[in-house]
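Trainee: model this:
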Amino acid sequence: MLPNDLKYTKEHEWVKVDGENVFIGITDYAQSQLGDIVFVELPKIGDSFDKDEAMGTIEAVKTVADIFCPIMGEVVEVNQAIEDSPELVNTSPYDDGWLIKLKIVESASLDELLSSDEYKEIIP
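Mentor: Predicted coordinates for the structure are as follows:
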């Protein structure tokens, strides 16, 4: 059930390219490992991040995990629905549960992301 049209990171984020922007979320594998998500802390619009920099956190019942920025970019939108319904990350990680929309600053870093086949090799 892993979408083939997305790119992935070793930290279990997914990336969907949309013109000069990317949508970012966590994979189904990641949400299943975290368990029931109760709170998501997202960055503010206008915040900029370097590749691999922590840009927020996901809090589940038993743990807290960082959200890492998969590419260098500037936040242009956050998923407001997540603030009221963090469980969307569990129930719809690739659709309604997206987290952040970034404006791409350096597109070359997209080439360093994993394909769905490469990502499948690193998850059990």
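Trainee: Kindly state the pLDDT recorded for the residue nearest to V89 when sequence neighbours are not counted?
Mentor: Nearest residue to V89, sequence neighbours excluded (C-beta to C-beta, 6 or more residues apart in numbering): G97, at 4.1 Å. In short, each C-beta sits where N, CA and C put it, glycine included. If you check G97, the pLDDT there is 97.
Trainee: G97 against S85, yeah?
Mentor: No. Using C-beta atoms under 8 Å, G97 is not in contact with S85; the gap is 9.0 Å.
Trainee: Report the secondary structure state of the spatially most central residue of the chain.
Mentor: The centre of the chain sits closest to G25, judged by C-alpha atoms, centre = their mean, with a distance of 2.4 Å. Under the three-state scheme (DSSP: H, G, I helix; E, B strand; the rest coil), the conformation of G25 reads as strand.
Trainee: That one contacts P93, correct?
Mentor: Yes. Here G25 reaches P93: they are 5.7 Å apart, a contact under C-beta under 8 Å.
Trainee: Find the residues that touch each one of those two.
Mentor: Both G25 and P93 are in contact with W14, where contact means C-beta atoms under 8 Å, 6 or more residues apart in numbering.
Trainee: Just to be sure, W98 is in a strand?
Mentor: No. W98 sits outside any strand when classified using three-state DSSP, being coil.
Trainee: ok, how many other residues are close to it?
Mentor: 22 (other C-beta atoms under 10 Å).
Trainee: Also E87?
Mentor: 14.
Trainee: Show the pLDDT at it.
Mentor: 96.
Trainee: any idea how far it lies from A30?
Mentor: 15 Å (C-beta to C-beta, to the nearest Å).
Trainee: got the contact list for I24?
Mentor: 13-16, 67, 69-70, 98-102.
Trainee: ok, 6 Å please
Mentor: 13, 15, 99-100 (C-beta atoms under 6 Å, 6 or more residues apart in numbering).
Trainee: Leaving out chain neighbours, which residue sits closest to K16?
Mentor: Using C-beta to C-beta, 6+ apart, the nearest residue to K16 is F23, at 4.4 Å.
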